[in-house]
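S.K.: this is a predicted model, with the sequence first.
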Number of protein chains: 2
Amino acid sequence: MPDFAAPVSRLIDELKRLPGIGQKTAQRLAFFLLRADRDQALALADAIRAAKESVRQCSVCGNLTDVDPCQFCTGAGRSRRTICVIEEATNILPIERTRQYNGLYHVLGGALSPLQGIGPEKLNIKNLLERLKDGAAEEIIIATNPTAEGEATAMYLSKLLKPLGVRVTRIATGIPVGAELEYADEVTMLKAMEGRREL
Amino acid sequence: MPDFAAPVSRLIDELKRLPGIGQKTAQRLAFFLLRADRDQALALADAIRAAKESVRQCSVCGNLTDVDPCQFCTGAGRSRRTICVIEEATNILPIERTRQYNGLYHVLGGALSPLQGIGPEKLNIKNLLERLKDGAAEEIIIATNPTAEGEATAMYLSKLLKPLGVRVTRIATGIPVGAELEYADEVTMLKAMEGRREL
């Protein structure tokens, strides 16, 4: 005898496909939805459908958007002189939260990873080169993650872009604000030393 | 300027209403769904809708089900002599996993909690009394949680049911299998001592 009614099992199975959601969490979420107000549960179903049907990639920068070009590409107050290159659309959020960056973005859709078969042709790089043609961009800030893949991608882009006469910069790696040196791993500590600046 | 396109924000907001899902997890799930295969994302939306539309409470035991009475109430191999009383439908799963219980269930839909205004009239108790009328049930196993509310509910039900001539039992509280006494809290340890049995 199955433990759950068929529609409940199906819901649990679908929830389990989400990242970081295991059997127990899926059960908890499923039973929450079943107990919840009908409108609330269906609002989630509708939000998934609406997002999936209206959201696509910005044809300019690769950001996820429901208007093309996206809000950043067409933003009146955004400077066209800087393009910040990131791996994923989610990476825009921490940068916007600084309230100091006012340029454009370019979403690669990942990072170079030969082991996973991700070469330059699988990343949104061709569009980036296209964007540089009008000469408006003066600086490309490469904000890929400070991981092996992100660093390799940064190096690759740097070699590709510098010959075009544009300034290519990389975000700093080092000890996070508020952290203690005692807990820093040796690679981060080394990067922090290497990246030291005059006071 | 909003950080996300409107349908993305809406999806994140709906995901955040789920228990244990905060802003960051909601963002991660939303972007996973947006990047996922169209069919997969819509399968989740449909599973929510289907579950919400087809699943209701079993009119006999209160379990969540798409057929009424539920699979346990109508199960051919289930003994009618025992009814296990639980707080929530999810509590059926750990009991079924023992593969030793073959009786029926009764879902209360919560536990007595005067502080939260949950009195006996808000629990599925009237139906339980109804079920006892045919005299088929010989034992009621009260498997509410060993919390203050669950214990109060167990005491209440015991006083209510015993006069009806049915045997009322309570699941054991004690040290979980595999745990170490060193880490047991004093109340659990006390319960384990009190519940000791002859060897």
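M.R.: On my side now, so go ahead.
S.K.: what residues does the least confident helix or strand in chain A by mean pLDDT touch?
M.R.: Least confident helix or strand of chain A, by mean pLDDT, DSSP states H and E, is helix A:186-194 with a mean of 82. With contact meaning C-beta atoms under 8 Å, 6 or more residues apart in numbering or on different chains, helix A:186-194 is reached by A:146, A:173, A:174, A:175, A:181, A:184. C-betas here are computed from N, CA, C, even on glycine.
S.K.: now swap in stretch A:38-51 and tell me
M.R.: Counting by C-beta under 8 Å, 6+ apart, A:33-34, B:7-8, B:10-11, B:13-15, B:17-18, B:30, B:33-34, B:41-42, B:44-46, B:48-49, B:52 sit against stretch A:38-51.
S.K.: quick one, phi psi at the residue nearest the centre of chain A?
M.R.: Geometric centre of chain A, nearest residue: residue A:88, 2.2 Å, by C-alpha atoms, centre = their mean. Here is the backbone geometry of residue A:88 (degrees, to the nearest 10): phi -130, psi 160.
S.K.: residue B:31 is in contact with that one, correct?
M.R.: Yes: counting by C-beta atoms under 8 Å, residue B:31 is a contact partner of residue A:88 at 7.2 Å.
S.K.: residue contacts, residue A:160?
M.R.: Counting by C-beta under 8 Å, 6+ apart, residue A:160 has contacts A:125, A:129.
S.K.: host element of it?
M.R.: helix A:148-161 (DSSP states H and E).
S.K.: buried set for that helix?
M.R.: A:149, A:150, A:151, A:153, A:154, A:156, A:157, A:161 (16 or more other C-beta atoms under 10 Å in any protein chain shown).
S.K.: surely the third one meets residue A:142?
M.R.: It refers to residue A:151. No: between residue A:151 and residue A:142 there is no contact under C-beta under 8 Å: 9.6 Å.
S.K.: outline the domain layout of chain A.
M.R.: A:6-54, A:57-198 (automatic domain parsing).
S.K.: tell me the most buried of those?
M.R.: When the domains of chain A are scored by mean count of other C-beta atoms under 10 Å in any protein chain shown, the highest mean neighbour count falls to domain A:6-54 (a mean of 18).
S.K.: want to try TSV for the buried residues of helix A:148-161, with pLDDT as columns?
M.R.: Shown next, in TSV, are these (pLDDT from 0 to 100):
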residue	pLDDT
A:149	93
A:150	92
A:151	91
A:153	95
A:154	94
A:156	96
A:157	96
A:161	94
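S.K.: quick one: average pLDDT of the longest helix belonging to chain A?
M.R.: For chain A, the helix with the greatest residue count under DSSP state H is helix A:38-54. Averaged across helix A:38-54, pLDDT comes to 92.
S.K.: run the angle between that helix and helix B:38-54 for me.
M.R.: 160 degrees (axes from the mean of the first three to the mean of the last three C-alpha atoms, to 10 degrees).
S.K.: extract the C-alpha set from helix A:38-54 and format it as CSV.
M.R.: What follows is helix A:38-54 as a C-alpha-only set of coordinates in CSV (Å, rounded to 0.1, in the frame of the first residue of the first chain):
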residue,chain,number,x,y,z
ARG,A,38,-6.5,27.1,-1.6
ASP,A,39,-5.7,30.5,-3.1
GLN,A,40,-2.2,30.5,-1.6
ALA,A,41,-1.3,27.1,-3.0
LEU,A,42,-2.7,27.9,-6.4
ALA,A,43,-0.9,31.3,-6.4
LEU,A,44,2.4,29.4,-6.2
ALA,A,45,1.4,27.2,-9.1
ASP,A,46,0.4,30.2,-11.1
ALA,A,47,3.5,32.1,-10.3
ILE,A,48,5.6,29.2,-11.6
ARG,A,49,3.6,29.1,-14.8
ALA,A,50,3.6,32.9,-15.3
ALA,A,51,7.3,33.2,-14.7
LYS,A,52,8.1,30.3,-16.9
GLU,A,53,5.9,31.6,-19.7
SER,A,54,6.9,35.3,-19.6
